[in-house]
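Asker: pasted the sequence and its predicted model underneath.
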Amino acid sequence: MNLTLDAEALYAELLRGVQQMRGPDTRLVGITSGGAWLAERLAADLKLAQAPGVISSAMHRDDFAQRGLAASVGQTVLPFDVNGADIVLLDDVLFTGRTIRAGVNELFDYGRPARVRLAVLVDRGGRELPIQADFAAARVSLPQAQQLALARADSGVFTFHVEGS
């Protein structure tokens, strides 16, 4: 399968979607690493005064025993009080729902938000858990064995890579 996705065009669509979702007190939180990249760039493009939060889903993953801590896993940093916050949780690709579940569990370790909504660059279906994005810039279908990975160049430009057979 030869899938080509324009990550920059999808980012522009995500920016529009997040602009519509957020209120004056909405906080952005990105799941490491792709979601954190998105949250960082969205915060800059939206000229937000509040830095975005970053969530590491590693410790709450149900496959932690197999995966362990990857070298690229960042730490959770939430530069605001989670209690009562209106949060837009960001990730690059929504697939089984397990990363989102782990990210939400990590978020709740820091407090009880008033509301959490999910925005993703790509929803590729294949859900194993009842998790749905409030906003997805695109919906695509890929074979189960393939991975869709977001990459970020040093210049900040996003690209997608399809990996696997």
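Answerer: Thanks, I have it.

Asker: now do the contacts for residue 83.
Answerer: 111-113 (C-beta atoms under 8 Å, 6 or more residues apart in numbering). Just so you know, the C-beta spots here come from the backbone N, C-alpha and C atoms, and that holds for glycine as well.

Asker: between these, which sits nearest residue 100?
Answerer: Lowest distance from residue 100 to the contacts of residue 83 (C-beta to C-beta) belongs to residue 113, with 14.3 Å.

Asker: grab the most central residue of this protein for me.
Answerer: residue 91 (1.1 Å; C-alpha atoms, centre = their mean).

Asker: quick check: it touching residue 35?
Answerer: Yes - counting by C-beta atoms under 8 Å, residue 35 is a contact partner of residue 91 at 3.9 Å.

Asker: got any residues that touch both of these two?
Answerer: residue 103.

Asker: what's in contact with the helix ranked longest in the chain?
Answerer: Longest helix of the chain, by residue count under DSSP state H: helix 7-21. Helix 7-21 is contacted from outside by 28, 38, 41-42, 45-46, 88, 90, 117, 119-122, 134-135, 137-138, 150, 157-160, using C-beta under 8 Å, 6+ apart.

Asker: next: stretch 52-63.
Answerer: 27-32, 35-36, 39-40, 42-43, 64, 67, 69-70, 73-80, 87, 89, 98-103, 105-107.

Asker: counting neighbours, what do you get for residue 78?
Answerer: 20 (other C-beta atoms under 10 Å).

Asker: what's the distance between it and residue 115?
Answerer: Residue 78 sits 16 Å away from residue 115, going by C-beta to C-beta, to the nearest Å.

Asker: repeat for residue 150
Answerer: From residue 150 to residue 115 the distance is 25 Å (C-beta to C-beta).

Asker: higher neighbour count, these two?
Answerer: residue 150 (22 against 11).

Asker: scan the helices and strands of the protein for the one with the lowest mean pLDDT.
Answerer: Least confident element among the helices and strands of the chain, by mean pLDDT, DSSP states H and E: helix 64-67 (a mean of 51).

Asker: grab the nearest non-local neighbour of residue 81.
Answerer: residue 111 (6.5 Å; C-beta to C-beta, 6 or more residues apart in numbering).

Asker: beta partners for residue 89?
Answerer: Beta bridges link residue 89 to residue 29, residue 118 when assigned by DSSP bridges.
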